[in-house]
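Asks: got a predicted structure here, sequence first:
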Amino acid sequence: MSSLIRSLLERFQNTGANYELLPTNANTPPSRSTSDYSLGPSLSWVDMCFSRPAKRVAGLVLFCVIGLTVVSGWRYYQWEATLLPNYADVWEFERKLPQHRLDLPWPEGKNGRYVYFDVPYHGIGFNNQLQDILMSAEIAYLSNRAYAFQPYLWDINTQNSTVIDVVDGVTLRSAIIPLNAFISGPAAGGAMPNPIGPNESKRPRAVSWKWFAEVCPDERRKYVDVRTVRKQRGIEEDRKPSGKEILEAWTAELGDMTESCVVVTDDHVWTFDAFGERMLPAWPTLRHSPILTHFQWSPLVKGIVERNMLLIAGRKAPEAEAGALSPTISGVVAIHLRRGDFLEHCKNLAGWRTMYNSWNTFDGFRDRFPSRVEVGRMDNETRLRLYMEHCLPTVQQMVDRLKAVRSEWIEGHPEADALKRVYVMTNAEAAYRSELSEKLRADGWDGVTMSVDLEVRKAETEVVLTADMMIGQLAEVFVGNGFSSLTSNINLLRMMHGVSTDSIRFL
């Protein structure tokens with residue numbers, strides 16, 4: 001009996017291997033794991049249960065049997081009875097990145113240049129974290145340092161591989177997910193382009209958070225305090241520095257340092273407030289950076305989109321050159337309708353008089369939200385009505401909005417294909433989805449597809465959101481929520497690929 005229980009336990013304890021637990025102190029970089037990238041709760045009491053003294057105590061043996069059965073059953077529920085993937089292949093891919101070698105020449109290898117931002121965002125949505133990842137990776141690139149990328153972090157204070165999420169209902173979700181499950185490219189350890197011109201040197205590739213811990217042990221780390229740098233460089237948050245000023249200050253700070261291993265600590269370099277109107281001045285620098293120009297979605301994400309193209313566009317996915325961006329999904333308008341937590345959040349935005357998120361504020365966009373001054377002049381009722389229309393539209397408002405977008409697109413682009421199909425990225429309740437689909441079809445749309453309609457495999461269940469984003473990026477026209485970081489990141493990628501600003505609209 002004991003051998004059977006131990007065998008079952010080992011099976012489920014090792015399911016989801018290849019990554020270590022996150023530290024409970026966000027200011028402490030990970031130390032070298034002795035369990036070879038193990039993931040899951042510590043079960044050291046198992047050995048106690050099977051020790052000789054324990055076997056002599058019948059009550060303790062019974063306790064151990066019950067405990068082991070419960071743990072084994074829970075692990076089974078997590079990985080077999082649910083749709084949660086364990087990402088073992090993705091963790092292994094990150095572990096085996098070719099730049100994870102000590103013998104590589106400078107600026108990589110043992111004496112290379114590295115930077116680790118050790119106050120990561122966690123417990124917030126993927127797109128808030130993605131904004132921070134891209135901008136932090138850009139600092140690393142400009143300062144000629146390898147960016148130490150981290151997983152998508154939901155809960156760093158648990159020793160369980162899954163946690164219960166109660167934001168939009170009670171569901172299980174992974175506590176951490178490898179970054180390469182969502183994205184590929186330089187920010188996630190992908191290849192850097194070759195230097196252009198005689199004065200440009202080879203840039204180091206990003207490394208995993210785990211590899212940083214190995215190549216940069218404690219004694220080699222130089223700690224840099226965010227608040228101190230802000231004061232010394234004149235970019236204190238109360239001054240509201242622009243994205244460009246933050247980039248330039250940190251590039252100078254980290255670029256001038258000769259230490260191999262730098263840890264940026266104490267606070268976030270990029271605050272939530274930075275991702276507002278003041279981010280736009282960073283665009284001229286960012287638009288030419290390989291962090292963006294070589295950005296790719298992960299194979300998991302691409303697989304979802306390609307497999308569902310017939311459903312989305314009414315035709316199979318066209319072939320694209322190796323490594324190239326897939327062609328535009330012509331005839332499709334993608335819309336972002338966030339509901340769920342936004343049912344209350346949109347009201348809060350009105351109370352805070354919040355403006356659109358960073359990359360939703362380009363000057364060339366056709367749809368402009370009233371300025372902070374204009375919003376401030378409105379009475380409460382008028383302001384709330386304005387925010388709800390642009391943040392949480394009713395079904396009829398959405399039908400009317402898409403009808404106007406369709407008409408204006410043909411007027412401005414008579415040579416383009418007519419918009420005939422709608423893709424709706426949404427977490428809306430079933431009744432809202434059903435009514436919206438019915439009314440859009442009655443208004444002449446040939447097809448209406450929603451996030452929940454996608455065929456998704458087990459390994460892809462937690463990256464569907466980024467499949468939505470890829471569809472939004474490639475759709476002929478995109479209608480987003482200006483207050484959303486998801487919409488903002490889609491628009492950043494659309495602008496980087498040079499789409500017409502007329503093809504970027506808002507609710």
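Replies: Arrived safely. Numbering: from 1, shown residues only.
Asks: report the longest strand in this structure, please.
Replies: strand 329-337 (DSSP state E).
Asks: which elements pack onto that one?
Replies: The contact analysis (3 or more Cβ pairs under 8 Å, 6 or more residues apart in numbering; DSSP states H and E) places strand 329-337 against helix 309-313, helix 395-412, strand 421-426, helix 464-474, strand 475-480, helix 485-496. Any C-beta I mention is one placed from the backbone N, CA and C, and that applies to glycine too.
Asks: relative to strand 421-426, how tilted is the fourth one?
Replies: Between helix 464-474 and strand 421-426, the angle comes out at 140 degrees (axes from the mean of the first three to the mean of the last three Cα atoms, to 10 degrees).
Asks: just the fifth one next, same as before
Replies: Relative orientation of strand 475-480 versus strand 421-426 (the same axes, to 10 degrees): 40 degrees.
Asks: then strand 475-480 to PDB, C-alphas only?
Replies: Extracted C-alpha coordinates of strand 475-480, given in PDB (Å, rounded to 0.1, in the frame of the first residue of the first chain):
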ATOM      1  CA  ALA A 475      -8.400  42.300 -38.300                       C
ATOM      2  CA  GLU A 476      -9.100  44.800 -41.100                       C
ATOM      3  CA  VAL A 477     -10.700  47.100 -38.600                       C
ATOM      4  CA  PHE A 478     -10.500  47.100 -34.800                       C
ATOM      5  CA  VAL A 479     -12.900  48.700 -32.400                       C
ATOM      6  CA  GLY A 480     -11.500  48.800 -28.900                       C
END
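Asks: which elements pack onto it?
Replies: Strand 475-480 packs on strand 329-337, helix 395-412, helix 485-496, strand 504-506, going by 3+ Cβ pairs under 8 Å, 6+ apart.
Asks: re earlier: and the helices and strands packed on strand 329-337, which is most packed in?
Replies: Across the helices and strands packed on strand 329-337, averaging neighbours per residue (mean count of other Cβ atoms under 10 Å) puts strand 475-480 on top, at a mean of 26.
Asks: and that one, which strands flank it?
Replies: Strands that pair with strand 475-480, judged by DSSP bridges, come out as strand 329-337 (parallel), strand 504-506 (parallel).
Asks: quickly note the distance from residue 379 to residue 316.
Replies: According to Cβ to Cβ, to the nearest Å, residue 379 and residue 316 sit 53 Å apart.
Asks: swap in residue 239?
Replies: In terms of Cβ to Cβ, residue 239 sits 53 Å off from residue 316.
Asks: likewise residue 409?
Replies: In terms of Cβ to Cβ, residue 409 sits 24 Å off from residue 316.
Asks: still on that earlier bit, what residues does the longest strand of the chain touch?
Replies: 309, 312-314, 393, 398, 402, 405-406, 409, 416-426, 428, 436, 468, 471-472, 474-481, 484, 486-487, 490, 507 (Cβ atoms under 8 Å, 6 or more residues apart in numbering).
Asks: again, only using 6 Å
Replies: 313, 417, 419-426, 428, 471-472, 474-481, 487 (Cβ atoms under 6 Å, 6 or more residues apart in numbering).
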